[in-house]
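A.B. asks: sequence first, predicted model second:
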Amino acid sequence: MRDAYLVGAAQTDFGSFPDESYRSLFRTAFEAARDSVPAGLDPEEIDEAVVGTLGVGGRQLGLSGPAATEHVGLHGIPTTRVENACAASGYAVRQAVQAVKSGMADVVLAGGVEIMTDMSGDATKYWLGVSGETEWERLSGTTFAGVYAQMADAHMAEYGTTSEQMSHVAVKNHRNGAKNPHAQLGFECSLDDAENAQTVADPLTLYHCCPTTDGAACAVIASEEVVSEYTDDPIRVAGVGAASDAVGLFQRDSYTGIEASQRAGETAYQRAGITPDEVDFAEVHDCFSIAEILAYEDLGFCEPGEGGELVESGKTALDGDLPVNTSGGLKSKGHPIGATGAGQVAEAFKQLSGEAGDRQVEGATRGLTHNVGGSGGGAVVHVFEKEREVEA
Amino acid sequence: MTDENPKIEAVGAYAPRFRVSAEEFRQAWGQFHAAGVNSKAVPDADEDALTMGYEAARRALDAADLAGADVSFLIYASTTPPLAEEDLSARLGGMLSVPDDATRHVLTGSTRAGTRALDAALSAGPWGEDAVGLVVAADCPRGEPDSSEDHAAGAGAAAFVLSESGGDAAGDAAGNASGAEIAARGEYAEEYPGTRFRRSGSEAVEGLGATGYERQAFTETLAGAVERLDFDPEAVDAAAVQAPNGKLPYRAAGALGVGTETIQAGATVHDLGDTGAASVPLGIAKALAEGAETVLAASFGSGAGADALLVESAGEGGEGIPASLALDDGEEVSYAEYLRKRGELTSGPPDGGGAYVSVPSWKRTLDQRHRLLAGKCPDCGSLNFPPEGACNACKSLVDDYETVELTGEGTVEAATVISQGGAPPEFAEQQAQSGDFGVAVVALEGPDGGEASIPAQVVGVEAGSVEIGDRVETTMRRIYTQEGVTRYGFKIRPQGTK
C-alpha cells in the first residue's frame, strides 16, 4: 500500500464558547488546518472527509458529518461521521489514512468537533456517561470519573501507585498547557493544588480530571502521489494501530491496563517498524491522571506498574527524554470529546513542523498520538515521522 | 382451630440501620409528639417497603433453611407499597425466586394488613409437605413533618415462613413438636371514621387529633377482638400490640388483660417507631425469637377494626423458633439528615434526563438483577454475568450458557466513592438524599467455584469503608426511577452488615 502523509493540521482554541456552534467551530478548525498546509490547500482538492463527533447534547446526531462539511463549502464530497466516543476523531484520522492508502482518495480531511459547555450541569453529566456501559456500569452510579477511579484504586493496590504521582501528571500537563495559547486551562497548578482539590470520585480529585470543552480540530491527509504539491518537508504516517475491547470495565481481563491501547500501540509500532524508545514525544489520552499513567505502561514507555515513577522522575516533562502531552493534554488543553483525537494530531503536526513555540521539543523526528474511547472500549494510535530533525 | 392450620416455622425481621432520636426532634421542633418513642428507624434513600420486605423475607427463609423455590403461597402486606397500583407480589416473588405458579396476594390500606396476611395464610394453608407459605409485612409510614404521625413514623419489616409441620426435622431431632401454632384468632370492627387515614394521592397519614375519640376506637376494637379468644392472660409471655406511638399500646393493657411488662416484651416501637402494618408482625417475630411460648397479638386498623391472634410456640425451654432478626441500630442521623433521606428537602430528579434503559430491556435483566443468574461458558467454563453474547473470558460466541445461580457472596476488586456532583443525573437525587456513595467492581462467586465480575453500589456502611479484598454480599435496593417505574436490583454490602 502507498504511504499517507500529514500535510496540515490545526485546532481551534479549546474552551467554553457560548457564541460558537459546532459548525462555526468546525469552520475555524478547517480554515486553520487549510492554512497550516505549507504550500497551501485548495479545498477543491479535498476528495473526502471524515468527521468525528459524539454529538454531546444531541444537537445534530444524524448526518452531523455532512452538516459540518457542507457548512464550510466542501460541497458534494462524501463525508462520514465517526463515533467512537472520546476516540471519535482519532478514528476519523485513521479512516482518512485508510482511504488514502487504499487509493480511493488522494486528499482527505479528517476532523472532529464537540460542544459540551452550553448545557445544564445535569444534562452535561447525562451526556458524559453515555459512552460507558449503560445497563450495568452506568446504573451502578458511575460516569467515567467513577470507572477511572476504580482503575486507579486497582492500580494503587497492585503497584503502589500514589495519589501524588497522579497529581504529578496534572502539574506537568498544566505546566505545558500554560505554554499553549489554545489551552482551555492554560495555567500552572502546584502539587498541593492537585492533592488538596475536592474529591470527584475517590481517589481522583478535581485536578485529576479533565474539563468539559468546546472545540474542533482538523487534519489533512495526502497520498504519496500528491504530497509534494503541499510540502517539501513531509510528515509520514508511519504507523496506525487501533483496537477494541469490552465497553464495561467489569467485562475485561485487567483493570490496571487498557488492552485496546496495548494492541493499538503494538500494531502502530510494528507498522512503523520502531520500538517505543524511538518515540521522541507523545500526546496521550489523559482524560484522568491515572489514564496517562496507564498509557505510559500500555504504550511500552515503561513496564507495567512503573508509570507513576515515570512521571515522578521527570522523564515525561517537556525537558525530559520523552515529553508527553506537550500541548497540555486533555487535562489542561481540554477534552472536546469528538475533537480530541484530531487535536492531538494537530499538536504532533505543530511539533514536527517546528511551530510549537515555547513548548517545542528540540530535534524531534517522530511523534505518537494515543486516543482512547470511553474507559478503553476503543483506542487508536498513530506514529508520525519525518526525515529531517525539527529545528527549534 | 384444627391441626390442619399451618404453623410458623421461622421468622425474619429487618429494620433500616439509620436511627433518628426523639432528642433530635425536640431540638428541631422544641417538642416531640410521639410519646414513648426513643428513636425510630429511617430508611435509606434507596430503601422502601418492598426492599425492606425482601430483607425480612430473605432472613425468614434463611432461618428456615429454605429457598424461595419452596414457597407456594406469598402474601405481602404494607400500607406504604411503593406504588398505589401494581401487584408488587410479582416483583417481591421474583426477587426471592418464588415459583411462577405460587399463589400471591397483596394487602394494603390498613395497619391491620400484616395480621390479616397471617390470617389469610392460615386459612389458605397448609400447602403439603414440601411447600411453604411466606407472609411478609413491611411498612414505612410518613406524615406531614409537623404532625404527631410523622414524629412517630418509623420503618421495619417482618416475615414468617408457614408450613404444615412448623419445621418437622428440627422438631424430630429434639423429640418435640416444633414451630409456633396460631391457637386462636378473633376480629372486631366498629365504625370509627377519621381515626388515622391517608387521602388518595397523598403519602402522609393524618389524624384529627381528637385524642379521646381515637383512644376509644383503639381500645374498644382491640378489646373486642381479644375477647373472642379463649385464653389465660396470665400465660401470655409477650403481647404484640399495635403501636402508633410508644404509649398507646400500654393504654390498652387493661382492656387486653395483660401487664405493661408483657406489652414491652412484644414492643419494637420504642426503637423503631410506628411501623404500621409491620408493627404487630414485628412484635410477634421479636417475641418468638426471644423464646416467648405464648404471644398475644393485637393489631388495630383505623376505620376501625382489630385482629387478635394467640400464638403458641411448641419449642420448650425458651429457645424460640428459628429466627433471623436484623433490628439493631447502626448509625444515628440528625433531624436534617432524616429530612434529606426522606426527600423532604430535595427537589426530585433533574430535568437533564438520565441513562435510558427501557423498561422491557430492564425486564430482560431481572434474572440477573433479582436472581443473580449467571451463565457458564460451554467452551471454557468461565462464568459470565450477564450471560449473553461472546464469553468475556474466551471470547467465543456462545449460543447457550449453562445457567448457574451466583451465591450472592464475593470479593471487592476495585472501589471508588462518588462525591457530590460526580454522580450521573439519575443518581443525583439519591446522592442529595444520602450523600456520597460507594461503587465497587465485585467478583461474585459461583456455586461450584468460579466468579463473575460486576459493578454495584455499596450500601450498609459509610461510603469509602469498602476496600479491595473485602468480602461482600448482595442485597436488594432501588436502583433508580424513570418514567414512574422504579427499577430494583442488587447492591452489595460488607458481609454480616445490613
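C.D. replies: On my side now, so go ahead.
A.B. asks: any idea how far the most centrally placed residue in chain A is from B:H33?
C.D. replies: In chain A, the centroid-proximal residue (Cα atoms, centre = their mean) is A:G341; its distance is 3.4 Å. Going from A:G341 to B:H33 by Cβ to Cβ, to the nearest Å gives 63 Å. For the C-beta atoms, the positions are set from N, CA and C on the backbone; glycine is no exception.
A.B. asks: repeat for B:K498
C.D. replies: Counting by Cβ to Cβ, the gap from B:K498 to B:H33 is 29 Å.
A.B. asks: is it correct that B:R196 is in contact with B:G109?
C.D. replies: No - with contact defined as Cβ atoms under 8 Å, B:R196 does not reach B:G109; the gap is 11.6 Å.
A.B. asks: pick out whichever of the two has more residues nearby.
C.D. replies: Shown here are B:R196 and B:G109; by other Cβ atoms under 10 Å in any protein chain shown, B:R196 has more neighbours (26 against 16).
A.B. asks: so B:P6 makes contact with B:F160?
C.D. replies: No - assessed by Cβ under 8 Å, B:P6 is found out of contact with B:F160, at 9.7 Å.
A.B. asks: what residues do these two have in common as contacts?
C.D. replies: Listed as contacting both B:P6 and B:F160 by Cβ atoms under 8 Å, 6 or more residues apart in numbering or on different chains are B:A121.
A.B. asks: burial of the nearest residue to A:L54 once chain neighbours are set aside, as a residue count?
C.D. replies: Once flanking residues are discounted, A:L54 sits nearest to A:I337: 4.7 Å by Cβ to Cβ, 6 or more residues apart in numbering or on different chains. Neighbourhood size, A:I337 [other Cβ under 10 Å]: 31.
A.B. asks: cool, and B:I321?
C.D. replies: Neighbours of B:I321 (other Cβ under 10 Å): 27.
A.B. asks: show me what contacts it?
C.D. replies: Applying Cβ under 8 Å, 6+ apart, the residues contacting B:I321 are B:8-11, B:166-167, B:178-180, B:288-289, B:313, B:315.
A.B. asks: of those, buried ones?
C.D. replies: Buried members of those, scored by 16 or more other Cβ atoms under 10 Å in any protein chain shown, are B:8-11, B:166-167, B:178-180, B:288-289, B:313, B:315.
A.B. asks: dump these to TSV, plus pLDDT and secondary structure.
C.D. replies: Formatted as TSV, those follow (pLDDT from 0 to 100; DSSP: H, G, I helix; E, B strand; the rest coil):
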residue	pLDDT	secondary structure
B:I8	95	strand
B:E9	95	strand
B:A10	96	strand
B:V11	97	strand
B:G166	83	coil
B:G167	78	coil
B:S178	78	coil
B:G179	90	coil
B:A180	93	strand
B:L288	95	helix
B:A289	94	helix
B:S313	91	strand
B:G315	62	coil
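A.B. asks: can I get those residues in CSV with distance to B:T260?
C.D. replies: Shown next, in CSV, are these (distance: Cβ to Cβ, whole Å):
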residue, distance to B:T260
B:I8, 26
B:E9, 31
B:A10, 29
B:V11, 24
B:G166, 30
B:G167, 32
B:S178, 31
B:G179, 29
B:A180, 24
B:L288, 20
B:A289, 21
B:S313, 22
B:G315, 25
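A.B. asks: correct me, but A:I274 touches A:G265?
C.D. replies: No - taking contacts as Cβ under 8 Å, A:I274 lies outside contact range of A:G265: 11.0 Å.
A.B. asks: compare neighbour counts for the two and give me the winner.
C.D. replies: A:G265 (26 against 17).
A.B. asks: does the more buried one sit in a helix, a strand or a coil?
C.D. replies: Three-state assignment for A:G265 (DSSP: H, G, I helix; E, B strand; the rest coil): helix.
A.B. asks: nearest residue to it in space, ignoring adjacent ones along the chain?
C.D. replies: Using Cβ to Cβ, 6+ apart, the nearest residue to A:G265 is A:L299, at 4.4 Å.
A.B. asks: contacting residues around that neighbour?
C.D. replies: By Cβ under 8 Å, 6+ apart, A:L299 lies in contact with A:261-262, A:265, A:276, A:282, A:284, A:368, A:370, A:381.
A.B. asks: between B:P6 and B:F160, who's got more neighbours?
C.D. replies: The neighbour count for B:P6 versus B:F160, taken as other Cβ under 10 Å, is higher for B:F160 (35 against 26).
A.B. asks: of all the residues in chain A, which one is nearest chain B?
C.D. replies: The minimum distance from chain A to chain B, using Cβ to the nearest Cβ, falls at A:D122 (3.0 Å).
A.B. asks: how about the strands in the stretch 301-450 of chain B?
C.D. replies: In the stretch 301-450 of chain B, the strands defined using DSSP state E, counting those that start in this stretch lie at B:303-313, B:323-326, B:331-332, B:373-376, B:383-384, B:402-405, B:409-418, B:437-445.
A.B. asks: and for the stretch 51-200 of chain A?
C.D. replies: All strands of the stretch 51-200 of chain A, identified by DSSP E, counting those that start in this stretch, fall at A:79-82, A:107-114, A:199-201.
A.B. asks: list the neighbouring strands of the first one plus their orientation.
C.D. replies: Which is strand A:79-82. Using DSSP bridges, strand A:79-82 pairs in its sheet with strand A:48-52 (parallel).
A.B. asks: likewise the longest one?
C.D. replies: Partner strands for strand A:107-114, per DSSP bridges, with pairing direction: strand A:48-52 (parallel), strand A:215-223 (antiparallel).
A.B. asks: need those strands in TSV (columns: distance to B:L373).
C.D. replies: Listed next are the strands paired with strand A:107-114 as TSV, based on distance: least, Cβ to Cβ, whole Å:
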stretch	distance to B:L373
strand A:48-52	39
strand A:215-223	45
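A.B. asks: right, so of those, which gets closest to A:H75?
C.D. replies: Using Cβ to Cβ as the measure, strand A:48-52 is the one of those that comes nearest A:H75, at 11.1 Å.
A.B. asks: export only the CA atoms of the closest one, formatted as CSV.
C.D. replies: Provided in CSV are the C-alpha atoms of strand A:48-52 (Å, rounded to 0.1, in the frame of the first residue of the first chain):
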residue,chain,number,x,y,z
GLU,A,48,-13.4,13.1,1.0
ALA,A,49,-14.0,14.0,4.7
VAL,A,50,-14.3,12.1,7.9
VAL,A,51,-15.8,13.9,11.0
GLY,A,52,-15.6,12.6,14.5
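A.B. asks: residues in contact with that strand: which ones?
C.D. replies: The contact list for strand A:48-52 (Cβ under 8 Å, 6+ apart) reads A:26, A:64-65, A:68-69, A:74, A:77-84, A:87-93, A:95-96, A:99, A:104-105, A:108-113, A:338-339, A:341-342.
A.B. asks: among these, name the buried ones.
C.D. replies: Buried, going by 16+ other Cβ under 10 Å: A:26, A:64-65, A:68-69, A:74, A:77, A:79-84, A:87-93, A:95-96, A:99, A:105, A:108-113, A:338-339, A:341-342, out of these.
A.B. asks: what about the helices in the stretch 101-250 of chain A?
C.D. replies: Secondary structure of the stretch 101-250 of chain A (DSSP state H, counting those that start in this stretch): helices located at A:121-128, A:144-159, A:163-177, A:191-196.
A.B. asks: low-confidence regions, chain B specifically.
C.D. replies: B:1-3, B:168-177, B:315-319, B:350-354 (pLDDT under 70).
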